[in-house]
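A.B. asks: based on what follows, work out the 3D shape:
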Amino acid sequence: MGVTGKLEIEIDIKASGDVFHELFGTKPHHVTNIVPHSIHGCDVHEGEFGKPGSIVQWEYTLDGKKCVAKEIVEAIDEEKKLVKFKLIEGDLLKDFKSITFTLHVVQKGEIDAIMWQIDFEKFEDLGPYPTGIMDFIIAMTRDVEAHHVK
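C.D. replies: Below you'll find the model as predicted:
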């Protein structure tokens, strides 16, 4: 029997949250220029960047291993400043039956925060859980922030 779960983190940032929403919503291929040490490729396989229903493939390094993830863009909500991707192929599906990533810009008065949520279902109740993926996302978020604060 599988296990479902959710990991969520909110990261206060010095850059505008709009930068993150635009970057991951409409220009994810630009992420490779900002964090080439961890994300090496981002290509659209069906549809076009910035359109729900499009299929995007990522090439990245996680825990020293080169990996691939193919995701379908489930939602890009301009009003809520939310982007949602569901993994449909790739290395992570060896450990997870399903995994979905959501980025949401949270406005907190004078500052913005980036909320990342990972919804997942495992095949069985044996490790690993996606904590390493969340660490990867936090580091990437900080790198994108540093790039835009310069």
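
A.B. asks: would you mark the buried spots in stretch 127-134?
C.D. replies: 129-130, 133-134 (16 or more other Cβ atoms under 10 Å). (Each C-beta comes from the backbone N, C-alpha and C, glycine too.)

A.B. asks: the strands in the chain, which residues?
C.D. replies: Listed from the start of the chain, the chain has strands (DSSP state E) covering 3-13, 39-46, 55-62, 65-77, 82-90, 96-108, 111-122.

A.B. asks: can you put those in TSV and add mean neighbour count?
C.D. replies: Below are those laid out as TSV (neighbours: other Cβ atoms under 10 Å):
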stretch	mean neighbour count
strand 3-13	14
strand 39-46	15
strand 55-62	17
strand 65-77	16
strand 82-90	19
strand 96-108	18
strand 111-122	18
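
A.B. asks: who's in contact with the residue nearest to the spatial centre of the chain?
C.D. replies: The chain has Phe101 as the residue nearest its centroid, 5.3 Å off, counting by Cα atoms, centre = their mean. Counting by Cβ atoms under 8 Å, 6 or more residues apart in numbering, Phe101 makes contact with 71, 84-87, 116-118, 137.

A.B. asks: okay, the angle between the top helix by length along the chain and strand 3-13?
C.D. replies: Ranked by residue count, the top helix of the chain under DSSP state H comes out as helix 131-149. If you take axes from the mean of the first three to the mean of the last three Cα atoms, to 10 degrees, helix 131-149 sits at 20 degrees to strand 3-13.

A.B. asks: show me the shaky parts of the chain.
C.D. replies: The chain contains residues with pLDDT under 70 at 1.

A.B. asks: what about 90?
C.D. replies: 1-2, 95, 109, 123-129, 149-150 (pLDDT under 90).

A.B. asks: picking that back up, list the buried residues of the longest helix of the chain.
C.D. replies: In helix 131-149, counting by 16+ other Cβ under 10 Å, buried: 133-134, 136-137, 140-141, 143-145.

A.B. asks: just curious, which of these is nearest to Asp112?
C.D. replies: Glu145 (10.0 Å; Cβ to Cβ).

A.B. asks: is it true that that closest one touches Ser16?
C.D. replies: No - using Cβ atoms under 8 Å, Glu145 makes no contact with Ser16, being 9.9 Å away.
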